[in-house]
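Visitor: Predicted structure and sequence below. I'll ask about it afterward.
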Amino acid sequence: MKNHAWLTSAAAIVACIKLEKVTKVFCVPGESYLPVMDAIRDEPAIELISNRHEGGASFMAEGYAKASGRTGVVMATRGVGGSNLAIGVHTAYQDSTPMVVFLGQVHSQFRDREGFQEVDVPRFFDPIAKWTVEIHEPSRVPELVQRAFRIAQTGRPGPVVVSLPEDVLKKQADMTFGKPVVRPSPRPSQSEVAAIEKVLHTAKRPLIIAGGGVKSSGAEEALLQFAEKYTIPVMAAFRRHDVFPNHHPLYLGHLGLGTHANVLGSVQESDTVIAIGTRLSEVTTQDYSILSKDQALIHIDIDDQTLGTVFSPDVGVVADAAEGLTSLLSMTLPSTWADWAGERRREYEASLREKDGSLTAMHQMVTILQKRLPADAILTNDAGNFAGWLHTYYQFKQKHTYIGPTSGAMGYGMPAALGAKLALPSRTVVSLSGDGGFMMTMQELETAVRCNIPIISIVFNNRMYGTIRMHQEIHYPFKPIGTSLGKVPFSEMADQLGAAGYYVRSPDEFERAILEALNCTKPVVIEVESDPEQISPSSTIEQIRARQK
């Protein structure tokens, strides 16, 4: 494409999307941005996916971005559509996922009159977006839209929201375009490498906590090389399971919700923590409690605002994870940590065994997934206690095989799986959800059928908001309220929508359904009748109540 052309604002927006090699755009149609939709129709390189709900559209865009490595693009109309997709913007913000949101806005002449569906878009999204902007001059469309893509992708990635007054979209101007975004990859200085080396020379029990920055920079191989060279064990930050091969002898587990004491013990007993590409979030650090002032902290992150936000590092380095890890390979360190790594690996392996030696039905089903899914299958999950079994027992052995919301958003799993499947159509993609979360966005199953996106959706149905019920039993035992749900025939509804539905009651039935689903060419829903008493991997409701007595 020429670097300048006489175009409408709408056509210029689509040209910017094409420059970034984004091939899928998600939306719920709206009259306020019809010119953009029309311009997409005229651009064969971009496919418009029309969703059933803006929340589902934003989750699909976020999942697409995580799987493709490109920016997710989602569109909606004015305040009502924008409000609906805000959950996806928040998820992208907390998950550091690059996303550009285009929102139709009222006519410029009607602004600040409380026009139809009017919301001050920049102010509305400012707390949960990296940047917000409203475009008023057509000639500035390439400048501002390309800036939006640059901000979304560089530094700590995140969502950017662009407000589009409807009168601006049809206006023409001489549009001048810049180059596509190239992400900067800063690396540590020699003095910073020397400072890290000095700290590690005195370490007796070092530990790596690896986060999403490793994934977004493609640093998985560099992390593996670094860990193996110095025999330093690795833990995954919350919902970043696939950052390091889980079956590797240096892997010590995942820092998430309900983490086993053996896994937490590795952090508590370490004397030096190397945090790479992680903001050391509330969940990863167990309510900001697991790191102490007695531990040395080396923190490497692409965002200078992340360093020292909660934990003051002994050495803080602003660097791309891949560049940072590669730079550290030049260090000369004593290889004295094999015994420490081996001891903690044995503790991690012990955490994978249930206390009485038997497996719960949920554990058996996760084992079946491990056995039957292709090694490169992508798993997504919703928020909910059902995910505890996945997080604890499933071994992610390859990179780019897990997508989950660190924001804890319900309704995420299935639409994110749709986005991932569109990004990587040759891969098997499986979503896991509870009945509460699945019901929030299950309308996107129709999108899956209409657009022929063959994913496998597993719904664990215990007819309750299980996570909240667990907390009720802990804090207000014997007094459940508001957490019981009615019967929803998910498998039957899947059949009615044109997908394939399975209803299973046992691990054996689950395995048969998985085998059939893997050979199915259309979307599949496997509804699992789940025991409401088994509220989490570690406890039943009865056991929680007994502890409260």
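Guide: Arrived safely, thanks for sending.

Visitor: So Met175 versus Leu48, what's the distance?
Guide: Distance, Met175 to Leu48, using Cβ to Cβ, to the nearest Å: 21 Å. C-beta: built from backbone N, CA, C; applies to glycine.

Visitor: Please say which of these two ends up with more neighbours.
Guide: Met175 (25 against 15; other Cβ atoms under 10 Å).

Visitor: Over to that one. Which of the three states is it?
Guide: At Met175, secondary structure determined by DSSP: H, G, I helix; E, B strand; the rest coil is strand.

Visitor: Over to Ile300?
Guide: Assignment for Ile300 (three-state DSSP): strand.

Visitor: lowest confidence element among the helices and strands of this protein?
Guide: Taking mean pLDDT, DSSP states H and E as the measure, helix 541-548 is the helix or strand of the chain with the lowest mean score, a mean of 84.

Visitor: Next, the buried residues of that one.
Guide: Neighbour-count burial for helix 541-548 flags Ile541, Ile544 (criterion: 16 or more other Cβ atoms under 10 Å).

Visitor: which other helices and strands contact it?
Guide: helix 466-475 (3 or more Cβ pairs under 8 Å, 6 or more residues apart in numbering; DSSP states H and E).

Visitor: now what about the helix it packs on, what contacts it?
Guide: Residues from elsewhere that reach helix 466-475, judged by Cβ atoms under 8 Å, 6 or more residues apart in numbering: 383-386, 434, 436, 479-483, 532, 535-536, 539, 541, 544-545, 548.

Visitor: Narrow those to those in helices?
Guide: Secondary structure from DSSP state H places Gly436, Ile541, Ile544, Arg545, Gln548 of the contacts of helix 466-475 in helices.

Visitor: Setting aside sequence-adjacent positions, which residue approaches the last one most closely?
Guide: Think Gln548. Closest residue in space to Gln548, ignoring its immediate chain neighbours: Pro477 at 4.1 Å, by Cβ to Cβ, 6 or more residues apart in numbering.

Visitor: you'd agree the one you found is up against Arg545?
Guide: Yes: Pro477 lies in contact with Arg545 (Cβ atoms under 8 Å); the separation is 5.1 Å.

Visitor: Just the helices from the stretch 151-300 of the chain, written as ranges.
Guide: Here the stretch 151-300 of the chain has its helices, by DSSP state H, counting those that start in this stretch, at 166-169, 190-201, 212-216, 220-230, 261-269.

Visitor: Deepest-packed of these, please.
Guide: Neighbour counts (mean count of other Cβ atoms under 10 Å) averaged over each of the helices of the stretch 151-300 of the chain peak at helix 212-216, with a mean of 26.

Visitor: Other residues contacting it?
Guide: The contact list for helix 212-216, computed with Cβ under 8 Å, 6+ apart, reads 69, 95-96, 156-157, 219-220, 223, 237, 240, 242-243, 276-278, 301-302, 320-322, 399-400, 406.

Visitor: what's the least confident helix or strand of the chain in contact with?
Guide: The contact list for helix 541-548 (Cβ under 8 Å, 6+ apart) reads Arg469, Met470, Glu473, Ile474, Pro477, Phe478, Pro532, Glu533, Ile535.

Visitor: any chance of these in a markdown table, plus neighbour count?
Guide: What follows is the contacts of helix 541-548, written out as a markdown table (neighbours: other Cβ atoms under 10 Å):
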| residue | neighbour count |
| --- | --- |
| Arg469 | 21 |
| Met470 | 20 |
| Glu473 | 23 |
| Ile474 | 14 |
| Pro477 | 15 |
| Phe478 | 10 |
| Pro532 | 16 |
| Glu533 | 11 |
| Ile535 | 24 |
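
Visitor: where does the stretch 351-500 of the chain dip in pLDDT?
Guide: Residues of the stretch 351-500 of the chain that meet the criterion pLDDT under 70 lie in 356-357.

Visitor: For it, just list every one of the helices.
Guide: 361-372, 387-393, 413-423, 435-441, 444-450, 466-475, 490-497.

Visitor: Glu269 is nearest to which of these?
Guide: helix 387-393 (20.3 Å; Cβ to Cβ).

Visitor: Return the alpha-carbon coordinates of that closest one using CSV.
Guide: Extracted in CSV, the C-alpha atoms of helix 387-393 (Å, rounded to 0.1, in the frame of the first residue of the first chain):
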residue,chain,number,x,y,z
ALA,A,387,-10.2,-25.0,37.1
GLY,A,388,-8.4,-26.1,40.2
TRP,A,389,-8.2,-29.6,38.9
LEU,A,390,-6.8,-28.4,35.5
HIS,A,391,-4.3,-26.1,37.2
THR,A,392,-3.1,-28.8,39.6
TYR,A,393,-3.0,-32.0,37.6
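
Visitor: one step back: got JSON lines for the helices of the stretch 151-300 of the chain, with mean pLDDT and distance to Thr309 too?
Guide: Listed next are these as JSON lines, based on pLDDT from 0 to 100; distance: least, Cβ to Cβ, whole Å:
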{"stretch": "helix 166-169", "mean pLDDT": "93", "distance to Thr309": "38"}
{"stretch": "helix 190-201", "mean pLDDT": "96", "distance to Thr309": "19"}
{"stretch": "helix 212-216", "mean pLDDT": "96", "distance to Thr309": "14"}
{"stretch": "helix 220-230", "mean pLDDT": "97", "distance to Thr309": "22"}
{"stretch": "helix 261-269", "mean pLDDT": "94", "distance to Thr309": "18"}
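
Visitor: closest one to Val315 among the ones you listed?
Guide: helix 190-201 (4.7 Å).

Visitor: got the angle for that closest one vs helix 220-230?
Guide: Angle, helix 190-201 to helix 220-230, by axes from the mean of the first three to the mean of the last three Cα atoms, to 10 degrees: 50 degrees.

Visitor: helices or strands next to helix 190-201 in the packing?
Guide: By 3+ Cβ pairs under 8 Å, 6+ apart, helix 190-201 packs against strand 272-276, strand 296-301, strand 315-318, helix 321-328.

Visitor: As a markdown table, the ones you listed with distance to Thr202 and mean pLDDT would be great.
Guide: Below are these laid out as a markdown table (distance: least, Cβ to Cβ, whole Å; pLDDT from 0 to 100):
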| stretch | distance to Thr202 | mean pLDDT |
| --- | --- | --- |
| strand 272-276 | 8 | 97 |
| strand 296-301 | 8 | 97 |
| strand 315-318 | 13 | 97 |
| helix 321-328 | 16 | 97 |
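
Visitor: Which of those sits closest to Ala86?
Guide: Closest to Ala86 of the helices and strands packed on helix 190-201 is strand 296-301 (Cβ to Cβ; 26.0 Å).

Visitor: Mind listing what's buried along that closest one?
Guide: Using 16+ other Cβ under 10 Å as the test for burial, strand 296-301 gives Ala296, Leu297, Ile298, His299, Ile300, Asp301.

Visitor: Can you name the residues in contact with that strand?
Guide: Strand 296-301 has contacts (Cβ under 8 Å, 6+ apart) with 156, 188, 196, 199-200, 202-203, 213, 271-280, 291, 306-308, 311-319, 321, 324-325.

Visitor: Report the strands that pair with that strand, each with its relative direction.
Guide: Its sheet considered, strand 296-301 pairs with strand 272-276 (parallel), strand 315-318 (parallel) by DSSP bridges.

Visitor: for those strands, which one sits closest to Lys522?
Guide: Among the strands paired with strand 296-301, the nearest to Lys522 by Cβ to Cβ is strand 272-276 (40.7 Å).

Visitor: Appreciated, that's everything.
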